[in-house]
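A.B. asks: need a 3D model of the following:
(one chain, ligands or ions: 1)
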Amino acid sequence: MLKVCKFGGSSLANAEQIRKVCDIMLSDPSRRIMIVSAPGKRSREDIKVTDLLIALANARISGYEGALELKAVISRFADIATDLNLPVAIVQEIEANLLERVHDDTANTMRYLDSMKAAGEDNCARLVACYLQKIGRTASYVHPKEAGMLLTEEYGNAQILPEAYERLYELRHQPGISVFPGFFGYTQSGRIVTFSRGGSDITGSILAAATDAQVYENWTDVDSVYAVNPSIVSNPHPIYEITYNEMRELSYAGFSVLHEEALAPAYRKGIPVNIRNTNNPSARGTMIVKERLNFEGVVTGIAGAKGFCSLNMSKYLMNREVGFALKVLRILADEQIPFEHMPSGIDSLSIIMRKDIFTPDKEKIITNRLLEELNVETLSVNRNLSIVIIVGEAMARTVGVTARAANALSKAGVNLEIINQGSSEISVMFGVREEYCNYAVKELYKEFFQR
Ligand code: ASP
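C.D. replies: Have a look, this model is predicted:
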């Protein structure tokens, strides 16, 4: 039996947390592969090691020595090592590792940044392995290059290469606990490259899939995933079981427990993901599974996200014009604009996009082309849009959920600009003005969880 466990930055922020993490690993012999993030914040005001490393890299790129920034990174690791009573040699090893990266060529800034960012996870893994060895356990630091963590050459946003899986499978046979640094891997040509921020979740999911793990445990600092953002509703309903698809929909609209790309590898292999709390290991956490057996209510979770906009157009007899939508999408593609939703009527079409991507400059180009090339008759842009979604597998077989939600929102005086339901019927999306986003989430929560 094999469990792959990933620990986030808050679970590794100091010596006390690292002891907890190691206790968790040692309390179950099937926990044999651990993935570590870089040490995170020790308090609200603290700075994550990854952010310190980015500041250091930027200083170097701008031609400064970065002495202060380097000192800050080294002292984070040195403090942990001292508090864990580790030999000085490990701090010297970490310092040498950092200096080598710092003095690398900065000409290719993206490449340099990735090498620096990866130092947080890499050295944290060395430190944790050293601690486990010191307390007499069989443990080893795993070098992602030697293990075969092969990624595409997309600095700051790498993707796994399919051939990596076969090589990573070998980790199954490693004796004792393997400590694998998260967040980065290597290109075919041997360069360090990172996933996007928060990417250690992705490393964990890849390793769980590659080694055919029984479960992927993702250890963080909350007891479970909640049905709604706890900063909007206090003491929200915990979710004990959720499907990959439900989780995917909710993380899209702002649930930030797991990295958005992290579910895919586990999902493809059908490996359950268990979100757990390092600070409360007895809590069962949330199980993310392929199919659910238990349904407490029709809605599993509610989420809201701001920062959207809609491009709305109409043209008489639009439905009869073959290829109209295709031409609209081609114009968007020419301008490199991805879209999120596309609700339509017989003679109207709206495209929902992220506001930061559909910039005012892009808006000008695209609206001109729509008017000139497609002769649309009315055209408007709404830049004040948030999306609120209700998600639940049980919705597909329950009549009237959308009506209940729409009714609750209308009673609360929230105007619905858009309603959209995907064909899977596991979610319904409402477009509301940004100032109503949190309020709408609260009202929907009342309707589905507090009645
Ligand atoms: N340390 C990286 C970050 O802060 C990756 C991670 O923690 O998953 O983004």
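A.B. asks: show residues contacting the helix or strand where residue 364 lies.
C.D. replies: Using DSSP states H and E, residue 364 falls within helix 360-374. Helix 360-374 has contacts (C-beta atoms under 8 Å, 6 or more residues apart in numbering) with 311, 313, 315, 324, 327-328, 331-332, 335, 337, 358, 376, 379, 381. Glycine gets a C-beta too; all of them are placed from N, C-alpha and C.
A.B. asks: equivalent analysis for stretch 202-215, please.
C.D. replies: 1-6, 30, 33, 35, 149, 160, 164-166, 168-169, 171-172, 180-185, 195, 216, 218, 259, 261-266, 268-269, 271-274.
A.B. asks: please name the nearest non-neighbouring residue to the residue in the stretch 351-451 of the chain positioned nearest to the ligand.
C.D. replies: As assessed by C-beta to the nearest ligand atom, the ligand sits closest to residue 356 within the stretch 351-451 of the chain, at 19.3 Å. With C-beta to C-beta, 6 or more residues apart in numbering as the criterion, residue 356 has its nearest non-adjacent residue at 6.5 Å, and that residue is residue 307.
A.B. asks: isn't the one you found up against residue 358?
C.D. replies: No: counting by C-beta atoms under 8 Å, residue 307 stays clear of residue 358, with 10.5 Å between them.
A.B. asks: comparing these two, which residue is more hemmed in?
C.D. replies: residue 358 (24 against 15; other C-beta atoms under 10 Å).
A.B. asks: just give me the neighbour total for residue 156.
C.D. replies: For residue 156, using other C-beta under 10 Å, the count is 15.
A.B. asks: which ones are touching it?
C.D. replies: 110, 113, 114, 194, 196 are the contacts of residue 156 under C-beta under 8 Å, 6+ apart.
A.B. asks: before we move on, what about residue 302?
C.D. replies: 227, 228, 388, 389, 390, 391, 441, 444, 445, 448.
A.B. asks: ok, so of the residues you listed, who is nearest residue 408?
C.D. replies: Residue 408 lies nearest to residue 444 out of the contacts of residue 302, by C-beta to C-beta, at 6.1 Å.
A.B. asks: surely the closest one and residue 408 touch.
C.D. replies: Yes: using C-beta under 8 Å, residue 444 makes contact with residue 408 at a distance of 6.1 Å.
A.B. asks: mean confidence score for the longest helix seen in the chain?
C.D. replies: Ranked by residue count, the top helix of the chain under DSSP state H comes out as helix 109-134. Mean per-residue pLDDT for helix 109-134: 98.
A.B. asks: could you point out the helix or strand that follows that helix?
C.D. replies: strand 139-141.
A.B. asks: what residues does the protein have near the ligand?
C.D. replies: 9, 37-38, 48, 50, 120, 182-183, 197-201 (C-beta under 6 Å from any ligand atom).
A.B. asks: if any of those residues are buried, give me the PyMOL selection for them.
C.D. replies: Of these, the buried ones go into a single PyMOL selection, burial set by 16 or more other C-beta atoms under 10 Å:
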select buried, resi 9+37+38+48+50+120+182+183+198+199+200+201
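A.B. asks: sort out for me which of the residues of the chain next to the ligand are in helices.
C.D. replies: 50, 120, 200, 201.
A.B. asks: thinking again about what came up before, residue 444 and residue 408 - which one has more neighbours?
C.D. replies: residue 444 (26 against 18).
A.B. asks: in the host helix or strand of the more buried one, which residues are buried?
C.D. replies: Assigned by DSSP H and E, residue 444 belongs to helix 437-449. Going by neighbour count (16+ other C-beta under 10 Å), the buried part of helix 437-449 is 437, 438, 439, 440, 441, 442, 443, 444, 445, 447, 448, 449.
A.B. asks: again with stretch 54-72
C.D. replies: So stretch 54-72, judged by 16+ other C-beta under 10 Å, has buried residues 54, 55, 56, 57, 58, 59, 60, 66, 69, 70, 72.
A.B. asks: dump these to TSV, plus pLDDT and secondary structure.
C.D. replies: Converted to TSV, the buried residues of stretch 54-72 look like this (pLDDT from 0 to 100; DSSP: H, G, I helix; E, B strand; the rest coil):
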residue	pLDDT	secondary structure
54	98	helix
55	98	helix
56	98	helix
57	98	helix
58	98	helix
59	98	helix
60	98	helix
66	95	coil
69	96	helix
70	97	helix
72	97	helix
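A.B. asks: contacts for stretch 281-293, please.
C.D. replies: Against stretch 281-293 from outside (C-beta under 8 Å, 6+ apart): 20, 24, 27, 223-225, 238-244, 247, 257, 263, 266-267, 270, 272-277, 393.
A.B. asks: out of these, which are inside strands?
C.D. replies: When DSSP state E is applied, those are split such that 225, 238, 239, 241, 242, 243, 273, 274, 275, 276, 277 fall in strands.
A.B. asks: tell me how far the host helix or strand of residue 207 is from the chain's mean position?
C.D. replies: Residue 207 belongs to helix 200-210 when assigned by DSSP H and E. With C-alpha atoms, centre = their mean, to the nearest Å as the basis, helix 200-210 stands 12 Å off its chain's centre.
A.B. asks: before we move on, what SS does the residue nearest the centre of the chain have?
C.D. replies: For the chain, residue 259 is the residue whose C-alpha lies nearest the centre (C-alpha atoms, centre = their mean; 1.3 Å). Here residue 259 is recorded as coil under DSSP: H, G, I helix; E, B strand; the rest coil.
A.B. asks: what pLDDT does it get?
C.D. replies: 90.
A.B. asks: quick one: contacts for it?
C.D. replies: 195, 196, 198, 199, 201, 202.
A.B. asks: ok, residue 193 next?
C.D. replies: Contacts of residue 193 (C-beta under 8 Å, 6+ apart): 114, 151, 152, 153, 154, 155, 158, 184, 185, 186, 187.
A.B. asks: check the gap between the residue of the stretch 201-350 of the chain found nearest the ligand and residue 183 for me.
C.D. replies: Closest residue of the stretch 201-350 of the chain to the ligand, C-beta to the nearest ligand atom: residue 201 (6.0 Å). Separation of residue 201 from residue 183 (C-beta to C-beta, to the nearest Å): 9 Å.
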